[in-house]
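>>> build me a structure from this.
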Amino acid sequence: MMRAGGTNMSEEFQYDVFISYSSRDRAWVRGELLKRIEQAGLKAFIDFRDFTRGAPSINEMERGVVECRKTLLILTPDYIASGWGEIENIMLQTLDPANRRLRLIPLLKAECQKPLRIAALTHIDFTAGADLDLAWRQLLTALGAAPELPPPKEPAHPSWRLAHPYPMPPNFTGRVSERGTLTRWLNEDAAHPLLVLRALGGFGKSALTWHWLTHDVDAQRWPHVVWWSFYEGDASFDHFVVEALTYLYGEQAKVQPLSAREALVALLEGLHRTGTLLVLDGFERVLRAFSGLEAAYQGDDVKHTENDRDCVSPLAEHFLYNIALQPQLRSKVLLTTRLCPRILEAKGGGHLAGCREVPLLQMQPEDAVAFFHAQGIRGTHTELELACEPYGYHPLSLRLLAGLVIGDFQQPGDIAAAKRLDVSGDLVQRQHHVLEQAYDSLTPAGRNLLNCIACFRWPTSYDTLKATDSSPETLDRDLRDLIGRGLLHHELQKRRFDLHPIVRHYAYDRFAAPNRAAAHTRLRDYFAAVPKLEKVTSLEDLAPVIELYHHTVRAGQFDEARTLFRDRLHKPLYFQLGAYPLIIDLLRALFPDGEDPSPSSGQAALPRLKDESAQAWTLNALAISYSLSGQSRRAVRLYEQHNAIQKKRERRGDKRNLAIGLGNLAYVAQLPIGALRSAEANLRRSIELS
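Modelled structure (predicted):
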């Protein structure tokens, strides 16, 4: 069983590291070395500060060796010549002669003639000319702390519209072949203006594409680039069209207001110019399979139907269809997705003429080894490759495995720690096991924090976590631990934190139901306190209200959620923004048992609401949104269920709502699908009631 690393993880030791050094090297040791060690959250034992005044020095040396998990030898010619230093390292070697527990760590600060008993141990190279960044990573991982890795430096592209910059995890490595495939498609493949990069979760689609875009794409040849991530809260397809159109046409796009379809037509026309690249990351969120409020918690273990690969927005299907039928289009469009949209498939098999699909597979062994070295993990090339192979070189699994090795209590930063993991079962079981071990190795506070972050559907800010975390006093330490283990992404510029969908799915499922409801209740209370905007101009303005609605539903308070939707979301979403797909997602959450018809009655299910009038209102609002989204057949049974409720109210004298419901059923649902006889009967009945 892996154990978490870091400070004070065992009562056996009072300190993390005893620093054994020559007083002639004290400037560097007491300055930079001690500072970096303690900034990493480690507790150091050092003579000038921690030796008990008046006690014999040799007794204090022995205390340091015994009470510290590790002893760090600062090897220089002066240290080798020092008798005191020799006593300290001999004491430790007496406890562990072969250094099997890796309690003795040699740090070579200057070239010197090492005794054979020390020369036999692998040292960390801090000599002049060494790679100091790598040396610090190796040192901190060896001491049991995850090093603070700087975010990757991205080239500046001021003319591009990078709407949702991807928070790259540190040490992205390799993928040379895949990047070459994308570059050849972009610059040489005129026959396929549309490329679908498809893979299951955890294969690094977003990271690969972002790295390729920011490092490999020639900005002079491709001066107009839009990066759009559908993993963001306000990143609907309609919003993408508006943003892309404004970017390509500037102020001209704002002169005359356009309908959604007119805006899409204008965007398609704009793509006939050369040098335009659109990258749509996470396109599965536009498909029915991953479009709802539950998408953030959804894994890849669900079996999907053909309809699940349809786009929620008819405009999205129109966009893809038009791009894929223009083989000589001068612009290029790249999708990253878990599922390929069905609209791109040709009858009889294959894809439409202008569309090409590329599956993204596992990392290359060489890339995996380079990644582990960059993370500061020690081991030979063969040892690292053998440790990675059981996980199929799956990028997310390897990042989690690296986090486990770095945080291992017995052998931190040594690839030998990976041998204690269970590698039985098939590939999927092993990948699941490394995630399970990463989760189980967390402290209770760290596990609760991860579970809480999993409750959010989108990236969340530090301030929000500070206000809602159940253990705010350990928040900073727990966040650093989660980041070091590869479980959490940190966007430094926006001060936001996010989880990989696979990690979110796993952590949320492991959250006990009572604790989960309590967490959603805390989050509901937090978002309820956000001041109400006087004027709504975009979906982004409604984001706090949507989060409030989501957490209210997840807390099991369906009636309160319906009231919140009616009072604060319905009018701006329906009348002002025309966000019918979003309305569908929100209202479907009130049907926790599903809205599909009962096999026995054939009637649509009812929302989980106490009041019949609230049920009827919800059924009607959902049915209208289905109709206006081009899904009239799905609306029919909802209208019929609404009208069944209103017939009961008719007997009590309320005819108006039944008349409206019958009219909606006929006009909005039955006429568009050709059910003319039923539409006529319902219209006649509506007229009679009126």
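>>> residue ranges with poor pLDDT in the stretch 201-350 of the chain?
In the predicted model of the stretch 201-350 of the chain, residues 233-234, 251-256 satisfy pLDDT under 70.
>>> all strands for it, in order.
Secondary structure of the stretch 201-350 of the chain (DSSP state E, counting those that start in this stretch): strands at 224-229, 276-281, 332-337.
>>> distance to D559 and mean neighbour count for these - can I get that in TSV?
C-betas here are computed from N, CA, C, even on glycine. Shown next, in TSV, are the strands of the stretch 201-350 of the chain (distance: least, Cβ to Cβ, whole Å; neighbours: other Cβ atoms under 10 Å):
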stretch	distance to D559	mean neighbour count
strand 224-229	34	21
strand 276-281	37	24
strand 332-337	37	24
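>>> so for L293, which of the ones you listed sits nearest?
strand 224-229 (17.9 Å; Cβ to Cβ).
>>> adjacent strands (with direction) for that closest one?
If you go by DSSP bridges, strand 224-229 pairs up with strand 161-162 (parallel), strand 276-281 (parallel).
>>> list the contacts of the last one.
Residues outside strand 276-281 that contact it (Cβ atoms under 8 Å, 6 or more residues apart in numbering) are 164, 166, 186, 205-206, 209-210, 213, 217, 222, 224-231, 240, 244, 248, 270-271, 330-336.
>>> for the strands of the stretch 201-350 of the chain, give me CSV that also has distance to Q375.
Below are the strands of the stretch 201-350 of the chain laid out as CSV (distance: least, Cβ to Cβ, whole Å):
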stretch, distance to Q375
strand 224-229, 26
strand 276-281, 25
strand 332-337, 25
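>>> how about the ones you listed, which one is nearest S177?
The stretch from these with the least distance to S177 (Cβ to Cβ) is strand 332-337; that distance is 16.9 Å.
>>> and L487, what element?
Per DSSP states H and E, L487 falls between elements, in no helix or strand.
>>> tell me what the strand ranked longest in the chain is packed against?
As far as residue count goes, and with DSSP state E defining each element, the longest strand of the chain is strand 68-75. Secondary-structure packing of strand 68-75 (3 or more Cβ pairs under 8 Å, 6 or more residues apart in numbering; DSSP states H and E): strand 15-20, helix 83-95, strand 104-108, helix 132-143.
>>> reformat the ones you listed as TSV; add mean pLDDT.
Formatted as TSV, the entries for these read as follows, by pLDDT from 0 to 100:
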stretch	mean pLDDT
strand 15-20	93
helix 83-95	82
strand 104-108	93
helix 132-143	87
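>>> pLDDT weak spots in the stretch 551-690 of the chain?
Going by pLDDT under 70, which is the cut-off in play, the stretch 551-690 of the chain has low-confidence ranges at 597-604.
>>> quick one, helices of it?
The residue ranges that make up the helices of the stretch 551-690 of the chain, judged by DSSP state H, counting those that start in this stretch, are 558-564, 570-571, 580-588, 612-628, 632-650, 656-664, 676-689.
>>> cool, and the stretch 151-300 of the chain?
With DSSP H, counting those that start in this stretch as the definition, the stretch 151-300 of the chain shows helices at residue ranges 176-188, 205-216, 237-249, 252-255, 260-270.
>>> closest one to H351 among those helices?
The minimum distance between H351 and the helices of the stretch 151-300 of the chain falls on helix 176-188, with 13.7 Å, by Cβ to Cβ.
>>> can you give me the buried ones in the closest one?
Judged by neighbour count (16 or more other Cβ atoms under 10 Å), helix 176-188 contains these buried residues: 178-179, 181-182, 185-186.
>>> so for it, mean pLDDT?
Looking at helix 176-188 alone, the average pLDDT works out to 96.
>>> packing partners for that helix?
Going by 3+ Cβ pairs under 8 Å, 6+ apart, helix 176-188 lies up against strand 194-198, helix 205-216, strand 332-337, strand 355-359.
>>> again, 6 Å this time
In terms of contact count using 3 or more Cβ pairs under 6 Å, 6 or more residues apart in numbering; DSSP states H and E, helix 176-188 is assigned the packing partners helix 205-216.
>>> contacts for stretch 576-586, please.
With contacts defined as Cβ atoms under 6 Å, 6 or more residues apart in numbering, stretch 576-586 is touched by 292-293, 312-313, 573, 625, 628-629.
>>> do the same with stretch 504-516
Identification of contacts with stretch 504-516 by Cβ under 6 Å, 6+ apart yields 297, 299, 435, 450-451, 454.
>>> turn the residues you listed into JSON lines, including neighbour count and distance to H373.
As requested, the contacts of stretch 504-516 are exported to JSON lines (neighbours: other Cβ atoms under 10 Å; distance: Cβ to Cβ, whole Å):
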{"residue": "Y297", "neighbour count": "17", "distance to H373": "35"}
{"residue": "G299", "neighbour count": "15", "distance to H373": "31"}
{"residue": "L435", "neighbour count": "21", "distance to H373": "23"}
{"residue": "L450", "neighbour count": "27", "distance to H373": "27"}
{"residue": "N451", "neighbour count": "22", "distance to H373": "32"}
{"residue": "A454", "neighbour count": "22", "distance to H373": "31"}
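>>> quick one on the thing from earlier: nearest to V530, out of the helices and strands packed on strand 68-75?
Counting by Cβ to Cβ, V530 lies closest to helix 132-143 out of the helices and strands packed on strand 68-75; the figure is 39.0 Å.
>>> and the closest one, how far from the chain's centre?
Averaging C-alpha positions (Cα atoms, centre = their mean, to the nearest Å) puts helix 132-143 27 Å from its chain's average.
>>> packing partners for it?
Helix 132-143 sits against strand 124-125, with contacts defined as 3+ Cβ pairs under 6 Å, 6+ apart.
>>> let's go with 10 Å and repeat that
If contacts are counted by 3 or more Cβ pairs under 10 Å, 6 or more residues apart in numbering; DSSP states H and E, helix 132-143 sits against strand 15-20, helix 34-39, strand 68-75, strand 104-108, strand 124-125, helix 365-374, helix 395-406.
>>> what's the angle between that helix and strand 68-75?
When axes from the mean of the first three to the mean of the last three Cα atoms, to 10 degrees is applied, the directions of helix 132-143 and strand 68-75 differ by 150 degrees.
>>> just the buried positions in helix 132-143, please.
Under the neighbour-count rule (16+ other Cβ under 10 Å), helix 132-143 has 135-143 buried.
>>> as a markdown table, the helices of the stretch 151-300 of the chain with distance to L488 would be great.
As requested, those are exported to a markdown table (distance: least, Cβ to Cβ, whole Å):
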| stretch | distance to L488 |
| --- | --- |
| helix 176-188 | 25 |
| helix 205-216 | 15 |
| helix 237-249 | 27 |
| helix 252-255 | 38 |
| helix 260-270 | 36 |
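>>> and of these, who's closest to R288?
With distances scored as Cβ to Cβ, the stretch of those nearest to R288 is helix 237-249 (12.8 Å).
>>> so which bits of the closest one are buried?
When neighbours are counted by 16+ other Cβ under 10 Å, the buried residues of helix 237-249 are found to be 237-245, 247-248.
>>> want to throw those into a markdown table with distance to L400?
As requested, those are exported to a markdown table (distance: Cβ to Cβ, whole Å):
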| residue | distance to L400 |
| --- | --- |
| F237 | 32 |
| D238 | 36 |
| H239 | 33 |
| F240 | 32 |
| V241 | 37 |
| V242 | 38 |
| E243 | 34 |
| A244 | 35 |
| L245 | 40 |
| Y247 | 37 |
| L248 | 40 |
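>>> many thanks, have a good one.
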